[in-house]
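S.K.: Test case, fold it:
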Amino acid sequence: MNLRTQYILESFTELKKRMLEHAPFDVEPLAEEEADFLQKWQELLKEAESLSADYLFNAQELLARLIRCYPNLTTLIRRELLWFVGGECLHFLGDEELDLYQNFEEIAYEYEQNGKDYDIANLITTLREKSQTSGSTTH
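M.R.: Take a look at the predicted model:
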C-alpha cells in the first residue's frame, strides 16, 4: 500500500471513530440511515485495504454524503482528505486550500522522484504554517 492510500485509510478510520462520539452516531440503536451510512463506511475501509479500483470514487460519495447529511460533523474532516479523494469533494475547498494542496503535490512529487521519504501530515502542517506566516505579513 502506498503512502497516500495508507494516509487516506488512516484518516477515514480516525474520522469514523470521531463520528461515533457525536450525534446522530452516538446513540443505540442507530436509525436505519445512520446504520446504513456506517455500513458503507466499513465497506470503504475494506476496499481501501484491498486497494479496490473504485475505493476513491466511493470515498468521494461518502464524504460528500457526510457533508450534505451531517453538516454538524464536517469540522471533524481533515481538509486534506477532501483533496486526496478529489472529485466532488474539491468543491468544498477554498482557493487558498487548493493552492496549498497543489504545492504539497509538487513537493511530494519531487521527494518521490528523488527517493526521499516524507511524512504527509508533517509536510502539510509545515506548508500550512508557511502559508499562514506569509499571509499574515501581507495584511
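S.K.: Would you point out which residue is most central in the chain?
M.R.: By Cα atoms, centre = their mean, the chain has its centre lying nearest to Leu81, at 1.5 Å.
S.K.: Helices along this protein, start to end?
M.R.: Ranges of helices within the chain are 3-19, 32-49, 55-69, 79-85, 95-113, 120-137, based on DSSP state H.
S.K.: among these, which is the most enclosed?
M.R.: helix 79-85 (a mean of 20; mean count of other Cβ atoms under 10 Å). In short, each C-beta sits where N, CA and C put it, glycine included.
S.K.: Return the mean pLDDT over that helix, rounded to an integer.
M.R.: Helix 79-85 comes out with an average pLDDT of 96.
S.K.: picking up where we left off before, rebuild the helices of the chain as TSV, extending it with distance to Asp26.
M.R.: Formatted as TSV, these follow (distance: least, Cβ to Cβ, whole Å):
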stretch	distance to Asp26
helix 3-19	9
helix 32-49	10
helix 55-69	15
helix 79-85	21
helix 95-113	29
helix 120-137	26
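S.K.: rewinding a little: who's the closest spatial neighbour of the residue nearest to the centre of the chain, skipping the chain neighbours?
M.R.: Nearest in space to Leu81, with sequence neighbours left out and distances taken as Cβ to Cβ, 6 or more residues apart in numbering, is Ser11 at 4.8 Å.
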